[in-house]
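Asker: Attaching a predicted model along with its sequence, questions to come.
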Amino acid sequence: MGKRRFSGLEVALIVMFLLMSVAAITLIVLYVTGEPGVNTEDPKEVFVPQCPSIPLAERVDCFPDAGASKLQCQQRGCCWSPLDERNVPWCFFPTNHGYIMESVEQPNPYEMNGQLKRMASPSLFGADIEELSFHAHMQSDNRLRFKITDAHKQRFEVPHKDISIPNTHPSSPISSILQITHKPFGLAALRKENNKIL
């Protein structure tokens, strides 16, 4: 009885199966050993989170996944402060994470433009945008519109053909409605009647 010879198609299928197996095993190993949000780009630079006393209402959850621990939180470059309170994140972003507003200009009392730059800190999801543009506009007495976009890449925006923009200027300047924090960047819209944050 002679040896069976494989056809060209069978050889190609066997090679493809072996390549797919190697790729699958590699991806499984990377998934099991990799931790999302750990900064491994430059081992010489160590990020030290600045964790002052941040008001509970201003904490932004840095570990929305289930099962946060002190070690996992610190690996993401975040602050860890467990509390007895419910609905308050134990793992939250430090004050040296996010963006800095590098420049602000007001072409008129009802508009504000700014340039944002990302602070050097670990990446949580990857593909971070380093520079952003900020634009805010008081469209009426009751309508503030702001948008934050990539400073260097155009993006698709849904046309606002059904939203009419009033031709008259609002009675209040944007500075009385919108408060900007420069480092880290943040914004707060205030109610005109009582100056409470919305």
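Answerer: Sure, I can see it. Numbers count the residues shown, from 1 in each chain.

Asker: Show me what the strand ranked longest in the chain is in contact with.
Answerer: Counting residues, the longest strand in the chain under DSSP state E turns out to be strand 131-140. Outside of strand 131-140, the residues within contact range by C-beta atoms under 8 Å, 6 or more residues apart in numbering are 99, 101, 110-118, 144-152, 165-166, 170, 172-174, 177-178, 185, 187. All C-beta spots, glycine's among them, are computed from the backbone N, C-alpha and C.

Asker: Let's see which of those residues end up in strands.
Answerer: Among the contacts of strand 131-140, the residues falling in strands (DSSP E) are 99, 101, 111-118, 144-150, 178, 187.

Asker: how about Arg4, secondary structure?
Answerer: State at Arg4, reduced to three classes by DSSP: H, G, I helix; E, B strand; the rest coil: coil.

Asker: Counting neighbours, what do you get for it?
Answerer: Burial of Arg4 is recorded as 6 neighbouring residues (other C-beta atoms under 10 Å).

Asker: do His160 as well
Answerer: The number of residues packed around His160, counting by other C-beta under 10 Å, is 9.

Asker: On the pLDDT front, check it for me.
Answerer: His160 carries a pLDDT value of 75.

Asker: any idea how far it lies from Lys147?
Answerer: 11 Å (C-beta to C-beta, to the nearest Å).

Asker: out of the contacts of strand 131-140, which are buried?
Answerer: Among the contacts of strand 131-140, those that count as buried by neighbour count (16 or more other C-beta atoms under 10 Å) are 99, 101, 110, 112, 114-116, 118, 144, 148, 170, 173-174, 177-178, 185, 187.

Asker: need the longest helix for the chain.
Answerer: As assigned by DSSP state H, the longest helix anywhere in the chain is helix 8-33.

Asker: Okay, now the unreliable bits of this structure?
Answerer: Along the chain, the model assigns pLDDT under 70 to residues 1-2, 34-45.

Asker: what about the closest residue to Cys78 other than its chain neighbours, neighbour count?
Answerer: By the measure of C-beta to C-beta, 6 or more residues apart in numbering, the closest residue to Cys78 outside its immediate chain neighbours is Cys62, 3.6 Å from it. Summarising burial for Cys62: neighbours were counted as other C-beta under 10 Å, giving 24.

Asker: hang on, Cys62 packs against Pro89?
Answerer: Yes - shown here, Cys62 and Pro89 form a contact pair, counting by C-beta atoms under 8 Å, at 7.0 Å.

Asker: Give me the contacts around the helix or strand harbouring Ser103.
Answerer: Following DSSP states H and E, the helix or strand that holds Ser103 is strand 99-105. Where contact means C-beta under 8 Å, 6+ apart, the residues beyond strand 99-105 that reach it are 112-119, 132, 134, 180-185.

Asker: how close does the residue nearest to Cys78 get to Gly186?
Answerer: Computed with C-beta to C-beta, the distance linking Cys62 and Gly186 is 16 Å.
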